[in-house]
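Chemist: predicted model, plus sequence, below.
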Amino acid sequence: MTSTAGTTDRFVRGGGVAPVLTAAFLWGTVGPAQILAASSASPVSIGGFRMLVGGLVLGLFTARRAGMRTLVRRRTRGWTAVSILVTAAFQVCFLEAVARCGAALATAVAFGTVPVVSGVCGRVLAGERLSRVWACGTACAIGGIALLLVPAHGRPTDSAGVLLAMVAGASFGVYIAATKQLGERGGDTTAAAPTSVFVAGLLVLPWALAHSDGLGEPRALVLIGWLALATTALGYLLFTWGVTRISGATAGTLSLAEPLVATLLGVLLLGERLGAPAIAGAVLLLGGLVLVSVPARWGRAGEASRE
């Protein structure tokens, strides 16, 4: 019985790694796409319409009436509200941070905060054990991000942008915990993702409409389309499916693939140059991701071979 349970647990955990990593790779394109588009529209306005369109499209494909009802039950409605609020906070703070201090830096700071917050939330709320693999992987990843934060060419760092990125990262870490709590309390997490994104968009809509200059530009429309359909609709679908199959701590650490993607795209598409510390940081960050994700597959294979 113990062996079977262990095999099932490892299979489920391994099955959640790929979709969460894929979602992180999609989200890693957000900052570079924003800079590449060079739209004059407000980042908050872009984020608001990204959530409205992305949440609507995601809901059309995934949300069902029965699932929506599970989100307003007494046991789940509090966590539904939390997921909506932190989704809005993440979108607003992250896009503004990218505008202030660049794609690579904002993404690195934000997602360097995620594993710490998600791991602590998982421990406090669900009693998840913070394994040595998670600790080592997260330490490598955060160390890599610290190296990515080393100022390039003596340029000063925008402190407000860094603070906004940290708030965005903490918000996403709480979102991971809220999603898991919803699932464990009987909430339909497939319906929770579009609900959180769309309602968060409604919360931001007044600001977006009040600062709508530039939203009609072709480059702004293309940017909103990419952010809404690829990084929001598809990204949240993959992440929601995967996060319920792994621990919150592991999900938070896997999300650190996002700053790695953002950094690579910054070099390849935006012409950003990486110094020696940044290159070392990228390698260390990748090592942390491998450390967290690969053992799940090895463990599953090893367990199956003993049956």
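Modeler: Good, I have the coordinates.

Chemist: residues contacting C136?
Modeler: Contact analysis of C136 by Cβ atoms under 8 Å, 6 or more residues apart in numbering lists G288, L291. In this view, the C-beta of every residue, glycine as well, is placed from N, C-alpha and C.

Chemist: which element is it on?
Modeler: C136 is part of helix 132-148 when elements are defined by DSSP states H and E.

Chemist: downstream neighbour of the one helix or strand L21 maps to in the secondary structure list?
Modeler: Here L21 sits within helix 2-27, counting by DSSP H and E. Where DSSP H and E defines the elements, the next helix or strand beyond helix 2-27 is helix 30-37.

Chemist: now that following helix: average pLDDT?
Modeler: Here helix 30-37 scores 89 as its mean pLDDT.

Chemist: and the gap between G54 and L256?
Modeler: 22 Å (Cβ to Cβ, to the nearest Å).

Chemist: er, G183 actually
Modeler: 22 Å.

Chemist: compare the two (neighbour count), which wins?
Modeler: Neighbour count, other Cβ atoms under 10 Å: between G183 and L256, L256 has more, with 27 against 20.

Chemist: helix/strand/coil for the closest residue to V72 other than its chain neighbours?
Modeler: The spatially closest residue to V72, leaving aside those adjacent along the chain, is T80, at 6.9 Å (Cβ to Cβ, 6 or more residues apart in numbering). Classification of T80 using DSSP: H, G, I helix; E, B strand; the rest coil returns helix.

Chemist: distance of T80 from L265?
Modeler: Distance of T80 to L265, given as Cβ to Cβ: 33 Å.

Chemist: cool, L149 as well?
Modeler: In terms of Cβ to Cβ, L149 sits 18 Å off from L265.

Chemist: ok, the two, which is more surrounded?
Modeler: Each of L149 and L265 has its neighbours counted (other Cβ under 10 Å); L265 has more, 22 against 18.

Chemist: in which helix or strand does E272 reside?
Modeler: Here E272 sits in a region with no helix or strand, counting by DSSP H and E.

Chemist: show me what contacts the closest residue to it other than its chain neighbours?
Modeler: Leaving aside its chain neighbours, E272 sits nearest to G266 (3.9 Å; criterion: Cβ to Cβ, 6+ apart). Going by Cβ under 8 Å, 6+ apart, G266 touches G31, P32, G102, A103, A104, E272.

Chemist: so G266, which of the three states?
Modeler: Under three-state DSSP, the three-state class of G266 is helix.

Chemist: so for G102, what's the pLDDT?
Modeler: What the model reports as pLDDT for G102 is 80.

Chemist: rewinding a little: just checking, what packs against the following helix or strand past the helix holding C136?
Modeler: Remark: after helix 132-148, the chain's next helix or strand is helix 159-184, criterion DSSP H and E. Contacts defined by 3 or more Cβ pairs under 8 Å, 6 or more residues apart in numbering; DSSP states H and E place helix 159-184 against helix 77-101, helix 103-126, helix 189-210, helix 235-243, helix 248-254.

Chemist: make TSV from these and add mean neighbour count and distance to T22 to it.
Modeler: Below are those laid out as TSV (neighbours: other Cβ atoms under 10 Å; distance: least, Cβ to Cβ, whole Å):
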stretch	mean neighbour count	distance to T22
helix 77-101	23	19
helix 103-126	25	15
helix 189-210	21	15
helix 235-243	23	5
helix 248-254	30	10
